[in-house]
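Trainee: take this sequence and fold it.
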Amino acid sequence: DSAEASHLVVFENTERCSPNCLQMLLENISGLTVDADFTVELIPEINVAVATFIKSIDTKEFVEKCSQHKRVREFKMTARLLESTQTIKAENLPESISTEYLTVYFENARNGGGPVSDVQLFPEENSAIITFCDHKGNT
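Mentor: Have a look, this model is predicted:
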């Protein structure tokens, strides 16, 4: 359903394109301004960047434009909509954090959360995997 299209676009194989170059490239393709209209988060460990569109745009059309853009092809990057997920990883957590606190935190609507079905704590990594209930009714 296009009304539920993601406002997040994933760019893979970003290692050939510097962060500043990627931001300018996305501005050129979208006609929008970084920080005001969208943000870019780099995940260098896996050569990925995620663009989050603050301004409402047709992200499907944007992904199509990216796949046809000469510079994107030269950098051998790919773009796709970020699929919805029920599971997230929280990192850099304080050592004293509890599964109960994380459950309540991620269920808080102010934090963008929703009903949590499971929290797996990994104290040796100061991280946790949080699994949300399926909002469509499929448990």
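Trainee: got phi/psi on the residue minimising distance to the centre of the chain?
Mentor: Centrality entry for the chain: nearest residue to the mean C-alpha point is V50, 5.2 Å, by Cα atoms, centre = their mean. When read as degrees, to the nearest 10, the backbone of V50 gives phi -120, psi 120.
Trainee: helix/strand/coil for the closest residue to it other than its chain neighbours?
Mentor: Nearest residue to V50, sequence neighbours excluded (Cβ to Cβ, 6 or more residues apart in numbering): E41, at 4.9 Å. Bear in mind the C-beta positions are built from the backbone N, C-alpha and C, glycine included. At E41 the chain is in strand, as set by DSSP: H, G, I helix; E, B strand; the rest coil.
Trainee: so after the helix or strand of the chain with the lowest mean pLDDT, what's the next helix or strand?
Mentor: Lowest on mean pLDDT, DSSP states H and E among the helices and strands of the chain sits strand 87-90, with a mean of 90. The first helix or strand that comes after strand 87-90 along the chain, using DSSP states H and E, is helix 99-107.
Trainee: what helices and strands are in contact with that next one?
Mentor: Other elements packing on helix 99-107 under the criterion 3 or more Cβ pairs under 8 Å, 6 or more residues apart in numbering; DSSP states H and E are strand 116-122, strand 127-132.
Trainee: apply 10 Å and report the result again.
Mentor: Other helices and strands packing on helix 99-107, by 3 or more Cβ pairs under 10 Å, 6 or more residues apart in numbering; DSSP states H and E, are strand 87-90, strand 116-122, strand 127-132.
Trainee: using CSV, list the CA coordinates for the shortest one.
Mentor: These are the backbone C-alpha positions of strand 87-90, laid out as CSV (Å, rounded to 0.1, in the frame of the first residue of the first chain):
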residue,chain,number,x,y,z
THR,A,87,13.1,-6.6,15.9
ILE,A,88,15.6,-3.9,16.7
LYS,A,89,19.0,-3.9,18.4
ALA,A,90,19.8,-1.4,21.1
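Trainee: the residue nearest to V50 contacts V34, doesn't it?
Mentor: No - counting by Cβ atoms under 10 Å, E41 stays clear of V34, with 11.6 Å between them.
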